[in-house]
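**Student:** Predicted model follows, preceded by the sequence.
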Amino acid sequence: MDWKRFSMTGFKNKRPITRMYATMIALLVIVSLTGFIDRGKSVTLVADGETRQVYTHAVNEKALMRENNIDIGDYDEIDVSTQKLDDGSYVKVRRAIPVTLEYRGQTQEVYTAKHNSQEVAEQYGYNKEKYRPYGDVQKPLQAGQHIVIGHVSRKTITEDEVVPYAIESIPDETLGQGEEKVIQEGQNGRKRVKLNIVSVDGQVADKETLSTELISEMQPLVRKVGTKETVEINTSTGDVSHYQKIITMEATAYLPTDGDGQCITRMGTRARYGVVAVDPNVIPLGSTVFIPGYGVARAEDTGGAILGNRIDLCMEDYDACMNFGRHTVPVYVLN
């Protein structure tokens, strides 16, 4: 056996494997190190009236301030939208403002970055269980605001209160728009409310509802509300709007004494101007109609020859009947 040849051959065959192992080890080292490298994060920073997007390696908000050369005073505060500084966090610096606290005639000038007077009072040792500022404690704080703090007292009371009845509306197409018909009267209910009354120096400042007990239910007022469109007539132009339908009909005229001479309509009413005879299969008796040139009329009568799209208009005298003659008219059915 040629030992030298064998050895060199074996060595040459192992070189690619050695390089492969070295590459794999290097990759493992890089991958392991990336877990300890802070890749940075993009956050929105609001400070001193300026909003900017910054890229940072800071681990918390205080480091972020140092990184961006923002000085934070003793009473300034920093709001962070996330639990810890992270990519996408919204960071806002709230600068302290001067306000005056007053309690039992004693005043002190203080600085605060709190949101409202209640928070300021607590910041300076006025526990909300015993003390409360006058006025709206949730109103945003203003620079130079004078905050008067009073002593809080609480008591629990029980009151009976009215439960106003509701109004339920049912659309009804048989009633004209604007018309209503009550079908059930409304009745108020009653409830018993347990309240915690919060007073500041003897003056009621707030009421907190602790519990509510219904004594009697309210009964709603139920009404029908008309949805049927009604006519609107422009007397100067004769234009008609808000009608149910329009029918083209052949119109004639008649006198109250026509027929049996009794002057009584099919509905038992007296024949007169403003009454028309119709075919009930086309226009139901009792319907209100509008005929241009005649006006608003009521369908109360019928006639032997009044079938289909025929309509007969009651006139006051013979001349009016002759002048009207026979012609085609649009009939607006209003209801």
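**Tutor:** Sure, I can see it.

**Student:** switch to C-alpha atoms for all contacts and neighbour counts from now on
**Tutor:** OK.

**Student:** show me where this protein has helices.
**Tutor:** 3-34, 61-67, 117-123, 318-324 (DSSP state H).

**Student:** Which of the ones you listed comes out lowest on mean pLDDT?
**Tutor:** Lowest mean pLDDT within the helices of the chain: helix 3-34, at a mean of 54.

**Student:** Measure how buried the closest residue to residue 60 other than its chain neighbours is and give me the count.
**Tutor:** Nearest in space to residue 60, with sequence neighbours left out and distances taken as Cα to Cα, 6 or more residues apart in numbering, is residue 85 at 5.4 Å. Neighbour count of residue 85, defined by other Cα atoms under 10 Å: 21.

**Student:** Give me the distance between residue 78 and residue 96.
**Tutor:** 11 Å (Cα to Cα, to the nearest Å).

**Student:** picking up where we left off before, does the residue nearest to residue 60 touch residue 59 like I think?
**Tutor:** Yes. With contact defined as Cα atoms under 8 Å, residue 85 counts as touching residue 59 (6.5 Å).

**Student:** So the residue nearest to residue 60 versus residue 52, what's the distance?
**Tutor:** 16 Å.

**Student:** where do the strands sit along the stretch 151-300 of the chain?
**Tutor:** In the stretch 151-300 of the chain, the segments counted as strands under DSSP state E, counting those that start in this stretch are 167-176, 180-184, 189-200, 203-216, 221-228, 232-233, 240-241, 245-254, 275-278, 288-291, 295-301.

**Student:** OK, contacts around the spatially closest residue to residue 51 that is not a sequence neighbour?
**Tutor:** In this structure, residue 51 finds its nearest non-sequential neighbour in residue 45, 5.8 Å apart by Cα to Cα, 6+ apart. Counting by Cα atoms under 8 Å, 6 or more residues apart in numbering, residue 45 touches 51, 52, 53, 54, 90, 91, 92.

**Student:** So for stretch 316-326, what gets flagged as buried?
**Tutor:** 316, 321, 324 (16 or more other Cα atoms under 10 Å).

**Student:** how about the first one, phi and psi?
**Tutor:** To tie it back to what came earlier, the one meant is residue 316. phi -90, psi -20 (degrees, to the nearest 10).

**Student:** correct me, but it touches residue 275?
**Tutor:** No. If you go by Cα under 8 Å, residue 316 and residue 275 don't touch, sitting 10.7 Å apart.

**Student:** Please name the residues that touch residue 96.
**Tutor:** Applying Cα under 8 Å, 6+ apart, the residues near residue 96 are 73, 75, 76, 77, 111, 112, 113, 114.

**Student:** Name all residues that make contact with the second one.
**Tutor:** For residue 75, the contacting residues are 95, 96, 111, 112, 113, by Cα under 8 Å, 6+ apart.

**Student:** just the first one next, same as before
**Tutor:** With contacts defined as Cα under 8 Å, 6+ apart, the neighbours of residue 73 are 95, 96.
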